[in-house]
Structure formats: C-alpha cells, structure tokens
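**Q** 3D model of this:
(2 chains)
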Amino acid sequence: AQSVTQLGSHVSVSEGALVLLRCNYSSSVPPYLFWYVQYPNQGLQLLLKYTSAATLVKGINGFEAEFKKSETSFHLTKPSAHMSDAAEYFCAVSNQAGTALIFGKGTTLSVSS
Amino acid sequence: NAGVTQTPKFQVLKTGQSMTLQCAQDMNHNSMYWYRQDPGMGLRLIYYSASEGTTDKGEVPNGYNVSRLNKREFSLRLESAAPSQTSVYFCASSAEGPRTGELFFGEGSRLTVL
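**A** So this is what the prediction gives:
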C-alpha cells in the first residue's frame, strides 16, 4: 500500500537558514509525489510535484525537492527561510490506482527572526 | 474566482444529529474528494469521486455517506454524528486523477460534535 512518513512534526529555523523537511515514501508502483502547504485557517495548496519527468523538482516560493529512489525519499528544501514560510507542510503520494492522494501527518515549520 | 466552495464553514452538532456538508467547484473538474484533518493525523481520505456518478471509499469512510449530485457538487453526510467526528473537513477537486493533476482545496468546514 502507498504511504508517506514525515520525519519531525515540528521544525524550527531562523530567518535566512536552510529549510529541510523530510519525507519518506512506500509505494508498490512508481510513485507520484507531492508537497502541499497549509497556511493558518486555509486549505492546502500545491508547492510542487514529482511525476517521473525529473528527479529535482522546483516549486513555488523558492522550494524544491529531490526524488531519491534508492533512499525512498522526497525531502523538501529551501536555501533561505523567510518569515512568510511559517506554515504546515504535507507530503503526499498518489494511491495505487491513481485516483486519490494519501497524505502524511504534516510538519509545522516555525521561522524566527 | 470561487474555486472550491464549502458550506457551512462552522457547525456545532449534538451527538446523534445529522447534517450534510456541501461542496461545489466551478472549474469543471472530474474528480472530487472529502478529507478530514485532525491534529497530529494529517489529512485522511473519507470518500472520493473519480467522475460524475461514481463514488469510492477512502481510508476512513465509516459513519459517512456521500453523493455526487452532478459534476459540480459533492456532498458529505453524517447520519448520526459522534464526538469522534469532530474535525475539520476539506473538500477538494482535480481535473484528472491526482497522479498528474493538482488538487484544489476549499477553505474547510469546522465541525464540533458535543
């Protein structure tokens, strides 16, 4: 069965520091992987997606993620954190039939000045 | 641009009461979804509809029913609400299946069951 595990429910960084949010996946078929962001009291919005075209995926707001098959990982990074990046981030994988997304439990990112 | 609209945004129920959460999208999307979000649990899929006229169970369907009324609308019904159904409910839609398509989310419906 498809699943994702997000390592660390809460990550704190200083403004300007590297952001690294970890996601490992389990999939019985070639995975389609996604990162979504949720700002307070809002729905989720897509940051980026991996659909096998390229292993390094660039998303919105300076975020990127690298698909590593050997490590079954899809970690999200941003070189320099901004206060506006404070939010909850979700990793997700497409289910086997490709009909729905399975989400991880989320990682809350805090950014301090 | 309305996108995905959910009603109501807030609701308080007593145990045993019933209610329907409404969702409508104006993007002509084929697929629609209902998720619930609970602290520390992420989003869990309740039901989804890959196309008009079809519905399928997700991870946590017990206690819920859905109706894909037409291509635009996908409602979620709680027949006999329980405190365990206190949650934030999100409706989402996508043009194709999510494997290549992007899910667009509503702003959520906060439900409290006393």
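**Q** Model confidence score at the closest residue in space to A:Leu44 that isn't next to it in sequence, please.
**A** Distances taken as Cβ to Cβ, 6 or more residues apart in numbering or on different chains put A:Tyr36 closest to A:Leu44, at 4.2 Å, once the chain neighbours are dropped. Where C-beta positions appear, they are placed from N, C-alpha and C, glycine not excepted. On pLDDT, A:Tyr36 comes in at 96.
**Q** residue contacts, A:Tyr36?
**A** Residues in contact with A:Tyr36 (Cβ atoms under 8 Å, 6 or more residues apart in numbering or on different chains) are A:44-47, A:89-90, A:92, A:103, B:103.
**Q** what about 6 Å?
**A** A:Tyr36 sits next to A:44, A:46, A:90 when contact means Cβ atoms under 6 Å, 6 or more residues apart in numbering or on different chains.
**Q** so which helix or strand takes in the residue nearest to the spatial centre of chain A?
**A** The residue lying closest to the centre of chain A (Cα atoms, centre = their mean) is A:Trp35, at 3.5 Å. Here A:Trp35 sits within strand A:33-38, counting by DSSP states H and E.
**Q** right, and the helix or strand after that strand?
**A** Per DSSP H and E, the first helix or strand lying C-terminal to strand A:33-38 is strand A:44-50.
**Q** and A:Glu66, what is it in contact with?
**A** A:Glu66 makes contact with A:55-56, according to Cβ under 6 Å, 6+ apart.
**Q** where's it relative to chain B, distance?
**A** Noted for A:Glu66: a distance of 20 Å to chain B, by Cβ to the nearest Cβ, to the nearest Å.
**Q** Quick check: bridge partners of that residue?
**A** A:Glu66 has these beta-bridge partners by DSSP bridges: A:Leu56, A:His75.
**Q** List the strands paired with the strand holding A:Trp35, with their directions.
**A** By DSSP bridges, strand A:33-38 pairs with strand A:44-50 (antiparallel), strand A:87-94 (antiparallel).
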